[in-house]
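In: Only the shape, not the letters, is given here:
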């Protein structure tokens, strides 16, 4: 059994300097998700960061953006702004906020892609296939397998499948559409809350 | 793009009657997770449900229990008590509470298993490998791959790997240990909150 006072973690990933997700957090300012920047906004210019980053949510607590090696169209990442390696390293309010936005981003992703099936995946540590040492959830649309005829492909995950780089123009348009649909989802939520 | 007003979902799983997770929810009463029942408690007798169920958390909102076909020692499921098929079907407070308990259960799982790497996985719809039509998160410990020498096995997921049935005696002991460690994690949290 693990000693709860033992802080040595043999599986921790080597620190990458600088952390790519902290770079995104430091590059892009926060904005009100109910009033998101459009596709051509300078605020979220993808080229501000390297590699180009396509931000879909940027609050004081959380950040979401397109995966640059998507497993499918719409593959998103959601993470806390603050650096934390694993899910056990986030604080109580970050954990709850991540849980809330997994639901909201899922709604926006379905609206945006028209794909009704998706996986939520969060990897902790090298043995669990964590690659970037800053805790993040993946949201991965899964187009209907029977329609595509690619049964094996639909279960590919964790970097073992064929992942092609995100096209910059497509990324900018997709991110803007997602920001707009996140706004619509939040509008719906506040309408329901008022009823 | 999906019509947000279109409620037809071509990928929804056939309703299983009765839902196995609703059966667990209806069979086991809630208890205060800071004062959990011990291994021999009649309250959580595994044989009350069929198949035998090993409950580690039972609050008015959430339920967690051992997967009966674990991919690794400690494989847990976390779901809302109330029936909801996909993550988009839970309400705002359930989503936040799920997010909070993913962090707390992760801490308890590391304490219990001594395994520092784990995956959190949540599948929505048949194309995403959802099997039980009641939204649930998997927490799956990933023992160090180099130690086990089983690189391929550690990436097996979604029912494609060799999963062996949970042994009843082992399940009861493991569930009791998890309940006790969830209590310890909650105690730590409230101590920190008072500081």
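Out: It's in. From a predicted model like this one, the values you see are computed outputs, not experimental measurements.
In: what's the first-to-last distance across stretch A:84-99?
Out: One end of stretch A:84-99 to the other measures 16 Å (Cα to Cα, to the nearest Å).
In: Let me fix that, I meant to ask about stretch A:47-57.
Out: End-to-end span of stretch A:47-57 (Cα to Cα): 17 Å.
In: Which of the residues in that stretch are classified as buried?
Out: A:49, A:53-57 (16 or more other Cβ atoms under 10 Å in any protein chain shown). Using the backbone N, CA and C atoms, a C-beta is placed for each residue, glycine as well.
In: How far does it sit from its chain's centre?
Out: Put simply, stretch A:47-57 sits 12 Å off its chain's centre (Cα atoms, centre = their mean, to the nearest Å).
In: nearest residue to residue A:107 other than its sequence neighbours?
Out: residue A:185 (4.6 Å; Cβ to Cβ, 6 or more residues apart in numbering or on different chains).
In: that older thread, with distance to chain B added, can I get the buried residues of stretch A:47-57 in CSV?
Out: Formatted as CSV, the buried residues of stretch A:47-57 follow (distance: Cβ to the nearest Cβ, whole Å):
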residue, distance to chain B
A:49, 27
A:53, 23
A:54, 18
A:55, 20
A:56, 16
A:57, 15
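In: In terms of distance to residue A:168, which of those ranks first?
Out: Comparing the buried residues of stretch A:47-57 against residue A:168 with Cβ to Cβ places residue A:54 closest, at 8.6 Å.
In: Residue A:121 against residue A:140, yeah?
Out: Yes. Residue A:121 lies in contact with residue A:140 (Cβ atoms under 8 Å); the separation is 6.6 Å.
In: Tell me if I am right that residue A:77 is in a strand.
Out: Yes. The assignment for residue A:77 (DSSP: H, G, I helix; E, B strand; the rest coil) places it in a strand.
In: Could you report the neighbour count for the closest residue to it other than its chain neighbours?
Out: Leaving aside its sequence neighbours, residue A:77 sits nearest to residue A:136 (Cβ to Cβ, 6+ apart; 4.8 Å). Using other Cβ atoms under 10 Å in any protein chain shown, residue A:136 has 24 neighbouring residues.
In: circling back: just give me the closest of the buried residues of stretch A:47-57 to residue A:175.
Out: residue A:54 (3.8 Å).
In: pretty sure that closest one contacts residue A:166?
Out: Yes. With contact defined as Cβ under 8 Å, residue A:54 counts as touching residue A:166 (7.2 Å).
In: so what's in contact with the two at the same time?
Out: residue A:66 (Cβ atoms under 8 Å, 6 or more residues apart in numbering or on different chains).
In: ok, the residue nearest to residue A:77 touching residue A:79?
Out: Yes. Residue A:136 is within contact range of residue A:79, at 3.9 Å (criterion: Cβ under 8 Å).
In: what do those two both touch?
Out: Both residue A:136 and residue A:79 are contacted by residue A:21, under the criterion Cβ under 8 Å, 6+ apart.
In: in chain A, what residue is nearest chain B?
Out: Across chain A, no residue is closer to chain B than residue A:99, which sits at 1.5 Å (Cβ to the nearest Cβ).
In: which SSE is that residue in?
Out: In this assignment (DSSP states H and E), residue A:99 forms part of helix A:92-113.
In: Check the offset of the following helix or strand past that helix from the chain's centre.
Out: Next helix or strand after helix A:92-113 toward the C-terminus (DSSP H and E): strand A:118-124. Chain-centre distance of strand A:118-124: 10 Å, with Cα atoms, centre = their mean.
In: Could you do stretch A:98-109 as well?
Out: With Cα atoms, centre = their mean, you get 10 Å for stretch A:98-109.
In: Check which helices and strands the longest helix along chain A sits against.
Out: For chain A, the longest helix by residue count, based on DSSP state H, is helix A:168-194. Where contact means 3 or more Cβ pairs under 8 Å, 6 or more residues apart in numbering or on different chains; DSSP states H and E, helix A:168-194 is packed against strand A:55-58, strand A:62-66, helix A:92-113.
In: Kindly reformat these as CSV containing distance to residue B:86.
Out: Formatted as CSV, the helices and strands packed on helix A:168-194 follow (distance: least, Cβ to Cβ, whole Å):
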stretch, distance to residue B:86
strand A:55-58, 20
strand A:62-66, 19
helix A:92-113, 8
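In: what separates the residue nearest the centre of chain A from residue B:99, distance-wise?
Out: Residue closest to the average C-alpha location in chain A (Cα atoms, centre = their mean): residue A:77, at 1.3 Å. Note on residue A:77: its distance to residue B:99, by Cβ to Cβ, to the nearest Å, is 16 Å.
In: ditto for residue A:194
Out: Taking Cβ to Cβ, one finds residue A:194 at 24 Å from residue B:99.
In: ok, the two, which is more surrounded?
Out: Taking neighbours as other Cβ under 10 Å, residue A:194 and residue B:99 compare with residue B:99 leading, 25 against 6.
In: Now do the contacts for that one.
Out: A:95-100, A:102.
In: Residue ranges in chain A under the pLDDT threshold?
Out: Scanning chain A with the threshold set as pLDDT under 70 gives A:1-16, A:145-163.
In: cutoff 90 now
Out: A:1-18, A:39-41, A:50-51, A:144-169, A:193-195 (pLDDT under 90).
In: Correct me if wrong: residue A:77 contacts residue A:134.
Out: No. Under the criterion of Cβ under 8 Å, residue A:77 is not in contact with residue A:134, lying 9.7 Å apart.
In: where do the contact lists of the two overlap?
Out: Contacts common to residue A:77 and residue A:134, judged by Cβ under 8 Å, 6+ apart, are residue A:21.
In: Right, I'll call it a day here.
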